[in-house]
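> Show me how the following folds:
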Amino acid sequence: MKKTFNIEERTAKAVEYFWRTKNNQLKRSSDASNRGAVVGGKQLDGFLTLLKEACLSVGVPSECIFDNNNYIPGFFRSSKDWDFIVISPSGKLLVLIELKSQVGSYGNNFNNRTEEALGNATDLWTAYREQEFPTLGIPWVGYLMVIGDDEKSTSPVRNYTNHFPVLKEFDNASYIDRYRILCEKLMTERLYTSACLIRTKNSKTYNDVTESLSIVRFIDSLKGYLIGCESEFNR
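Reported below is the predicted structural model:
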């Protein structure tokens with residue numbers, strides 16, 4: 001059954017939930033660093049709700065939507081737990097989405113996030129090639145990233161070039177710029193169908209980094225794909 005869905009309202013609630021959960025985890029943490037919030041998880045549950053409501057709005061049955069314990073077979077490893085998936089009533093894997101966030105500790109974690117995104121996609125598409133799971137053509141694969149909008153994320157970052165020069169797009173690039181470059185290239189190289197990059201200062205403020213990486217375009221792409229799968233849900 002289709003349900004109404006307001007993306008602006010839902011995104012604002014998701015951002016507010018993100019900050020409220022993060023701040024509560026920091027207060028409960030036994031250390032003074034950001035680690036308590038990083039390892040606490042659950043901060044992006046508001047975005048999981050957003051994704052679920054987007055799917056319901058185009059007629060995807062709730063029993064086809066999964067946002068917990070989504071272990072999908074891999075090729076280079078046994079399996080990968082995706083944050084959000086949609087499986088048709090006939091058992092076909094239609095949608096997989098990975099959600100990530102980073103506020104602070106940018107230098108320590110940016111490369112890790114990059115390697116995770118590349119590794120997850122490489123493992124998934126190789127498993128797809130080997131027909132490790134049933135699909136309806138090519139599945140829709142999404143990457144959604146929430147990044148802090150602060151002095152450390154917006155200041156230029158030093159490049160280490162002691163042997164060879166880096167690509168010019170990284171000159172004077174901040175960490176937000178680097179995440180933008182990453183997300184754009186993930187789509188250009190067809191590792192992910194769509195990517196979304198949201199910058200946020202606090203619970204009341206968020207912005208899309210670029211139009212091509214906006215939450216609206218991300219959700220529109222997802223909904224468009226699912227509308228094309230309508231026959232799978234109406235058998």
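> quick one, phi/psi of Asp171?
Recorded main-chain torsions at Asp171 are phi -70, psi 130, according to degrees, to the nearest 10.
> How much space separates it from Asn111?
According to C-beta to C-beta, to the nearest Å, Asp171 stands 18 Å off from Asn111. Bear in mind the C-beta positions are built from the backbone N, C-alpha and C, glycine included.
> next one: Glu9
Note on Glu9: its distance to Asn111, by C-beta to C-beta, is 35 Å.
> Neighbouring strands - and their directions - for the helix or strand hosting Leu94?
Assigned by DSSP states H and E, Leu94 falls within strand 93-102. Strand 93-102 pairs in its sheet with strand 84-87 (antiparallel), strand 135-148 (parallel), by DSSP bridges.
> Point out the most buried one among those strands.
Here the criterion is mean neighbour count by mean count of other C-beta atoms under 10 Å, and of the strands paired with strand 93-102 the winner is strand 84-87, at a mean of 23.
> which residues in this protein form strands?
Assigned by DSSP state E, the strands in the chain fall at 65-66, 70-73, 79-82, 84-87, 93-102, 135-148, 194-202, 205-208.
> Could I get the average pLDDT for the fourth one?
Mean per-residue pLDDT for strand 84-87: 98.
> Quick one: distance of it to the chain centre.
In terms of C-alpha atoms, centre = their mean, to the nearest Å, the centre of strand 84-87 is found 13 Å from the chain centre.
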